[in-house]
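[1] Provided below for reference: sequence and predicted model.
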Amino acid sequence: MNFKQLHNQKNPLLIANVWDVKSAKIAEELNFQSIGTSSAAIASILGYQDGEKMTFTELEFFVKQIISNTHLPLTVDLESGYSKQPIEVANHIKNLAKLGVVGINIEDSLVNKNRTLINVEIFANHLSEIIQITRNEEIDLFINVRTDTFLLDISNKIEETLTRIHLYEKAGADGIFVPCIEHISEIETLVNSTELPINVMCMPNLPDFETLNKIGIKRISMGNFLFENMYQHFHLKMKEVLIKKSFKPIF
């Protein structure tokens, strides 16, 4: 079953979000079907804030290391493309495809001082150009388009999300990713609005996987939450070592 087909199986595709070779190896040992990079986690490792503060070259290095050490299909978080020029974004996608990457996420917001949504028509046209270039060059990756309407908690988020889904589907997207959506009724509204697979992300009040399956979700991802949780645990253990003046808490 190829990566696109994994979005049409009986149960939702659970993506293990990874940030290095070790995390990818663990996902492989646990028999995940696929892995995806977390840009926020990789940026954090390098000392950057999320939002394309690292370079594409730095991201590409991590991708090379991960993909050469696992057999799992890898999708890459390309943030907003690491360029405002469609040809350059398409070239980034082409470079990832050459490495063996099977999909990308691309988002409709930019981070300057704060994260803001890109105008929907401008982004849809930008996306359409990128997809057309990749298709002309016969680059076959799963293009998962992330809309940040819920992440930014805009006032008319359902209506705006539906508009964006429609335009991104028309532009040639393979899937839609809506991070930070949690409520069943809102998720169902989005699922019923499109033929494209909808991707949701780990959130405190996200329904369990069985419920998500019943309402038609096809893909579930983790974001950088496990990465952050891992470092919270690290912090606690380091604190215990200092308090107890012993390494016994580790063992």
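    Received it, and whenever you're ready, just let me know what you need. On a predicted model such as this, the values are computed, not experimentally measured, just so you know.
[2] Which residue ranges of the protein form strands?
    13-18, 34-37, 74-77, 103-107, 109-111, 115-117, 142-146, 175-177, 198-201, 219-221 (DSSP state E).
[3] Identify the residue nearest residue 109 in space, chain neighbours excluded?
    Nearest in space to residue 109, with sequence neighbours left out and distances taken as C-beta to C-beta, 6 or more residues apart in numbering, is residue 148 at 4.1 Å. The way it works is simple: take the backbone N, C-alpha and C, and place the C-beta from them, glycine included.
[4] What of residue 129?
    Leaving aside its chain neighbours, residue 129 sits nearest to residue 86 (3.8 Å; criterion: C-beta to C-beta, 6+ apart).
[5] In contact with residue 223, which residues?
    Counting by C-beta atoms under 8 Å, 6 or more residues apart in numbering, residue 223 touches 17, 38, 40, 179, 201, 202.
[6] The residue nearest to residue 129 is in contact with residue 130, isn't it?
    Yes - Residue 86 is in contact with residue 130 according to C-beta atoms under 8 Å; the separation is 4.8 Å.
[7] Need the strands of the chain in TSV (columns: distance to residue 185 and mean pLDDT).
    Listed next are the strands of the chain as TSV, based on distance: least, C-beta to C-beta, whole Å; pLDDT from 0 to 100:
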stretch	distance to residue 185	mean pLDDT
strand 13-18	23	98
strand 34-37	27	98
strand 74-77	28	98
strand 103-107	24	98
strand 109-111	24	95
strand 115-117	23	96
strand 142-146	21	98
strand 175-177	17	98
strand 198-201	14	98
strand 219-221	18	98
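[8] As CSV, those with distance to residue 47 would be great.
    Formatted as CSV, the strands of the chain follow (distance: least, C-beta to C-beta, whole Å):
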stretch, distance to residue 47
strand 13-18, 19
strand 34-37, 17
strand 74-77, 18
strand 103-107, 22
strand 109-111, 16
strand 115-117, 19
strand 142-146, 24
strand 175-177, 26
strand 198-201, 24
strand 219-221, 24
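[9] Dump these to a markdown table, plus distance to residue 159 and mean neighbour count.
    Listed next are those as a markdown table, based on distance: least, C-beta to C-beta, whole Å; neighbours: other C-beta atoms under 10 Å:
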| stretch | distance to residue 159 | mean neighbour count |
| --- | --- | --- |
| strand 13-18 | 28 | 23 |
| strand 34-37 | 29 | 25 |
| strand 74-77 | 27 | 26 |
| strand 103-107 | 19 | 26 |
| strand 109-111 | 17 | 17 |
| strand 115-117 | 13 | 15 |
| strand 142-146 | 18 | 24 |
| strand 175-177 | 15 | 23 |
| strand 198-201 | 17 | 24 |
| strand 219-221 | 23 | 22 |
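[10] If you average the pLDDT over stretch 239-251, what comes out?
    Averaged across stretch 239-251, the pLDDT comes to 97.
[11] just the helices in the stretch 51-200 of the chain please.
    Using DSSP state H, counting those that start in this stretch, the helices found in the stretch 51-200 of the chain span residues 56-67, 86-99, 120-136, 157-171, 184-191.
[12] coming back round to it: among the strands of the chain, which is nearest residue 251?
    strand 13-18 (26.3 Å; C-beta to C-beta).
[13] Other residues contacting that closest one?
    In contact with strand 13-18 (C-beta under 8 Å, 6+ apart) are residues 6-7, 23-24, 27, 30, 32-38, 41, 66, 75, 209, 218-224, 226-227.
[14] how does it look with 6 Å?
    Residues outside strand 13-18 that contact it (C-beta atoms under 6 Å, 6 or more residues apart in numbering) are 6-7, 24, 27, 32, 34-36, 38, 219-222.
[15] ok so, going back, mind checking which of the strands of the chain is nearest residue 231?
    Closest among the strands of the chain, using C-beta to C-beta: strand 13-18, at 14.4 Å.
[16] ok, the closest one: who's next to it in the sheet?
    Strand pairing for strand 13-18, determined by DSSP bridges: strand 34-37 (parallel), strand 219-221 (parallel).
[17] Many thanks, have a good one.
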